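A.B. asks: Predicted coordinates and the sequence they were generated for:
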Amino acid sequence: MVMRTVDLRSDTVTRPTDAMREAMGSAEVDDDVLGYDPTARRLEEEIAKMMGKEAALFVPSGTMGNLICVMVHCDVRGSEVILGDNCHIHVYENGGISTIGGVHPKTIKNEEDGTMDLGAIEAAIRDPKGSTFYPSTRLICLENTHANSGGRCLSVEYTDRVGEIAKRHGLKLHIDGARLFNASIALGVPVHRLVQAADSVSVCLSKGLGAPIGSVVVGSQSFIEKAKTLRKTLGGGMRQIGVLCAAALVALQENLPKLQFDHKKTKLLAEGLNQMKGIRVNVAAVETNMIFMDMEDGSKLTAEKLRKSLAEHGILVIPENSSRIRMVIHHQITTSDVHYTLSCFKQAVQMIQEPSRN
Ligand SMILES: Cc1ncc(COP(=O)(O)O)c(C=O)c1O
Ligand SMILES: C[C@@H](O)[C@H](N)C(=O)O
């Protein structure tokens with residue numbers, strides 16, 4: 001009989017709080033296609049102000065937010081975008097920028113910290129004189145924090161350097177900021193400064209902020225006008241979205257201040273796991289709310305064996321591969337849950353490594 005559930009699969013798993021549900025129920029709404037939903041407008045104005053950009057647009061998902069931004073920037077046939085080979089846009093969005101957007105990806109190796117080598121970025125920019133044969137580079141995409149690097153933060157200095165390269169070559173810069181607020185808290189840098197060099201940003205409301213649905217894209221007024229049209233083209237024009245945006249406004253108020261505690265709980269879990277026999281965590285690389293936990297060769301541990309054993313105690317995790325497990329902390333994971341998770345891990349590791357003892 002499972003005692004309790006500790007869902008570490010992602011920060012997308014949170015349930016709306018009572019305050020969010022109350023706000024959803026009493027939200028002021030209107031048709032956001034025929035005009036403007038007033039609550040959506042409020043959220044968009046608040047996020048645009050926080051990001052230091054002219055305008056913002058609520059979108060149903062981070063995937064759609066990234067697709068819209070890439071397509072608005074790359075609105076000429078034969079466009080190419082420079083992005084990381086391990087970034088979310090390239091790995092987890094079904095190749096949408098190509099299959100739907102008609103945009104050619106030019107991938108560059110993501111370093112362990114989520115960055116791409118600046119020299120490699122500049123070298124990947126196509127020479128306009130070769131346009132008879134080559135696609136034309138129009139956009140560079142960054143991701144902050146970088147999910148597949150374990151939630152690592154891109155520094156403002158690095159982001160500004162990439163912005164300088166983009167400007168020097170007449171390119172645009174988009175930031176997939178699904179967990180931008182986590183980066184801001186971890187770095188102690190306001191979000192508007194982190195994205196100052198960017199022409200567009202997509203930020204998720206449905207991750208660490210804990211809103212049930214949605215993302216927001218930000219950019220210039222003219223960029224957002226094009227984005228709004230494209231959102232409708234892609235089927236993302238929605239009617240009384242104030243119901244969803246009301247929850248996001250509560251999330252901004254309630255959960256933004258809690259991100260720092262999510263990071264502390266993540267560190268606590270990482271340090272505890274790293275002390276276990278046969279398990280390795282690069283604790284120094286745990287900067288925000290994600291942990292990549294590796295099993296050592298010869299440890300008899302596999303991700304599937306651990307996942308299965310943990311699930312029997314109500315702990316939900318996702319294997320990254322046969323010897324790596326990813327865990328993501330969010331505001332609905334308590335410190336007590338972290339300690340419970342560590343005790344269950346300890347028991348599972350022992351059972352797998354020394355079955356005769358059990
Ligand atoms: C870095 C990153 N970007 C974009 C997304 C896409 O967001 P959504 O799941 O809302 O489409 C995710 C995960 O969901 C993500 O981790
Ligand atoms: C898997 C991925 O799409 C999702 N963004 C997550 O981090 O859980």
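C.D. replies: Arrived safely, thanks for sending. Ligands and ions are numbered 1, 2, ... in the order given.
A.B. asks: can you count the residues close to the closest residue to ligand 1 within the chain?
C.D. replies: Nearest residue of the chain to ligand 1, counting by C-beta to the nearest ligand atom: Gly62, 2.5 Å away. For every residue, glycine as well, the C-beta is placed using N, CA and C. By other C-beta atoms under 10 Å, the residues close to Gly62 number 27.
A.B. asks: does any bit of the helix or strand harbouring Ile175 sit next to ligand 1?
C.D. replies: According to DSSP states H and E, Ile175 maps onto strand 172-177. Yes. Strand 172-177 is in contact with ligand 1 by C-beta under 6 Å from any ligand atom, via Asp176.
A.B. asks: from the chain's centre, how far out does the very next helix or strand once past that strand sit?
C.D. replies: Next along the chain after strand 172-177, taking DSSP H and E as the criterion, comes helix 180-187. The chain centre lies 11 Å from the centre of helix 180-187; the measure is C-alpha atoms, centre = their mean, to the nearest Å.
A.B. asks: for stretch 25-36, same thing?
C.D. replies: Remark: stretch 25-36 is offset 27 Å from the chain centroid, using C-alpha atoms, centre = their mean.
A.B. asks: hang on, Met276 packs against Phe345?
C.D. replies: Yes. In this structure, Met276 is within contact of Phe345 by C-beta atoms under 8 Å, at 6.4 Å.
A.B. asks: Who are the contact partners of the nearest residue to Ala178 once chain neighbours are set aside?
C.D. replies: Once flanking residues are discounted, Ala178 sits nearest to Cys204: 4.2 Å by C-beta to C-beta, 6 or more residues apart in numbering. Residues near Cys204 by C-beta atoms under 8 Å, 6 or more residues apart in numbering: Gly62, Gly65, Gly177, Ala178, Arg179, Gly214, Ser215.
A.B. asks: what do you get if the cut-off is 10 Å, keeping everything else the same?
C.D. replies: Applying C-beta atoms under 10 Å, 6 or more residues apart in numbering, we find Cys204 in contact with 11-12, 59, 61-63, 65, 176-181, 211, 214-216.
A.B. asks: swap in His339?
C.D. replies: Here His339 is in contact with Leu268, Leu269, Gly272 (C-beta under 10 Å, 6+ apart).
A.B. asks: now it: how far from Ala311?
C.D. replies: For His339, the distance to Ala311 equals 19 Å [C-beta to C-beta, to the nearest Å].
A.B. asks: Pro319: what's its closest spatial neighbour, skipping adjacent residues?
C.D. replies: The shortest distance from Pro319 to any non-neighbouring residue, by C-beta to C-beta, 6+ apart, is to Ala303 (3.5 Å).
A.B. asks: repeat for Asn321
C.D. replies: Spatial nearest neighbour of Asn321, excluding adjacent residues (C-beta to C-beta, 6+ apart): Ala303 at 6.7 Å.
A.B. asks: burial count for that neighbour?
C.D. replies: Residues within reach of Ala303, counting by other C-beta under 10 Å, total 20.
A.B. asks: Tell me the pLDDT of it.
C.D. replies: At Ala303, the model reports a pLDDT of 97.
A.B. asks: Against Val250, how distant is Ser299?
C.D. replies: From Ser299 across to Val250, the span is 44 Å (C-beta to C-beta).
A.B. asks: could you pull out the helices for this structure?
C.D. replies: Assigned by DSSP state H, the chain shows helices spanning 18-25, 38-51, 62-73, 88-91, 96-99, 118-124, 156-168, 180-187, 191-194, 221-233, 242-255, 259-274, 303-311, 335-353.
A.B. asks: Up against ligand 1, what does the stretch 101-250 of the chain have?
C.D. replies: Residues of the stretch 101-250 of the chain lying near ligand 1 (C-beta under 6 Å from any ligand atom): Glu143, Ala147, Asp176, Ala178, Cys204, Ser206, Ser215.
A.B. asks: Take those residues and write them to a markdown table, including pLDDT.
C.D. replies: Shown next, in a markdown table, are those (pLDDT from 0 to 100):
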| residue | pLDDT |
| --- | --- |
| Glu143 | 99 |
| Ala147 | 98 |
| Asp176 | 99 |
| Ala178 | 98 |
| Cys204 | 98 |
| Ser206 | 97 |
| Ser215 | 98 |
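A.B. asks: Kindly compare burial across the helices of the chain and name the winner.
C.D. replies: Sort the helices of the chain by mean neighbour count, taking mean count of other C-beta atoms under 10 Å, and helix 62-73 sits at the top with a mean of 26.
A.B. asks: Perfect, that will be all.
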